[in-house]
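[1] quick one, what's the 3D model for this:
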Amino acid sequence: MLEQDALEAVETLNATVDARDPYTAGHSHRVQEIAVAVARELGIAGKDLDAIAHAGLFHDIGKLGVPDAILTKPAKLTEQEYALMKHHPADGANIVAKFGRLRAAVPLIRHHHERWDGKGYPDSLAGKQIPLGAAIVGLADAWDAMTTDRPYHRALHREEAEAELRVHRGTQFAPAVVDAFFRVLERSKAAESGARPTPGQVRVATSG
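    Numbering: from 1, shown residues only. Okay, the predicted model is just below:
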């Protein structure tokens, strides 16, 4: 019961982040859905899958420490503002680390903005140094950001977002994760066109 109460408390904090920015309403749940679908495609199950589900849902909880003026700014952030925004993965990991049930999600939250080429943050990890779950959540986060209207950019059409993933495969995104995402996406397209989905298929939210 204590663990459940703690999880509900984290969910409440997470909902606060979504509520502060109407443009990102539902973002965390969509990222979770996409991340879980990709993880299953890669054969991840059990506690590792649970960690990815939690990290997908709580990846932005560190934005509690970001001022509203930055979080909802309808224009490109200044270098100083962006530097402050970049604290949110580490801050989120510190918040979640206080809850035993979520401990496995901590490194995934901390590293979901790392890049395959080592140019990400907060620790400039590269390649297989990046936890696989973090790479999965990072791609899911990027996909939803690209395909959702934000104050500073319009939502990309699905074909445009797909092209972005292909261009940045092996630089921003882990190649195996990109490939798994496209396999899931192809099944989602088949389902949308009326084909019968395979058992256990998870729908990936798309736009365009």
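
[2] apart from its chain neighbours, what residue comes closest to the residue nearest the centre of the chain?
    Residue closest to the mean C-alpha point of the chain, counted by CA atoms, centre = their mean, is Asp141 at 3.0 Å. Excluding the flanking residues, the one nearest Asp141 by CB to CB, 6 or more residues apart in numbering is Val31, at 5.2 Å. Glycine gets a C-beta too; all of them are placed from N, C-alpha and C.

[3] repeat that for Phe181.
    Per CB to CB, 6+ apart, closest to Phe181 is Val38, 5.2 Å.

[4] in the helix or strand encompassing that neighbour, which residues are buried?
    If you go by DSSP states H and E, Val38 is part of helix 27-41. Buried residues in helix 27-41, counting neighbours by 16 or more other CB atoms under 10 Å, are found at 27-28, 30-41.

[5] how far away from the center of its chain is it?
    8 Å (CA atoms, centre = their mean, to the nearest Å).

[6] please export the C-alpha coordinates of that helix as CSV.
    C-alpha atoms of helix 27-41 as CSV (Å, rounded to 0.1, in the frame of the first residue of the first chain):
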residue,chain,number,x,y,z
HIS,A,27,2.6,13.7,-24.0
SER,A,28,3.9,11.5,-21.2
HIS,A,29,1.3,8.8,-21.8
ARG,A,30,1.9,8.8,-25.5
VAL,A,31,5.7,8.5,-24.9
GLN,A,32,5.0,5.6,-22.6
GLU,A,33,2.8,3.9,-25.1
ILE,A,34,5.4,4.2,-27.9
ALA,A,35,8.3,3.2,-25.7
VAL,A,36,6.6,0.1,-24.5
ALA,A,37,5.7,-0.9,-28.1
VAL,A,38,9.3,-0.5,-29.2
ALA,A,39,10.6,-2.3,-26.2
ARG,A,40,8.4,-5.3,-26.8
GLU,A,41,9.5,-5.3,-30.4
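
[7] I'd like the next helix or strand past that helix.
    Following helix 27-41 in sequence, per DSSP H and E, is helix 46-58.

[8] got the contact list for that next one?
    10-11, 14, 28-29, 31-36, 39-40, 44, 92, 96, 102, 104-105, 108-109, 112, 133-134, 136-137, 140 (CB atoms under 8 Å, 6 or more residues apart in numbering).
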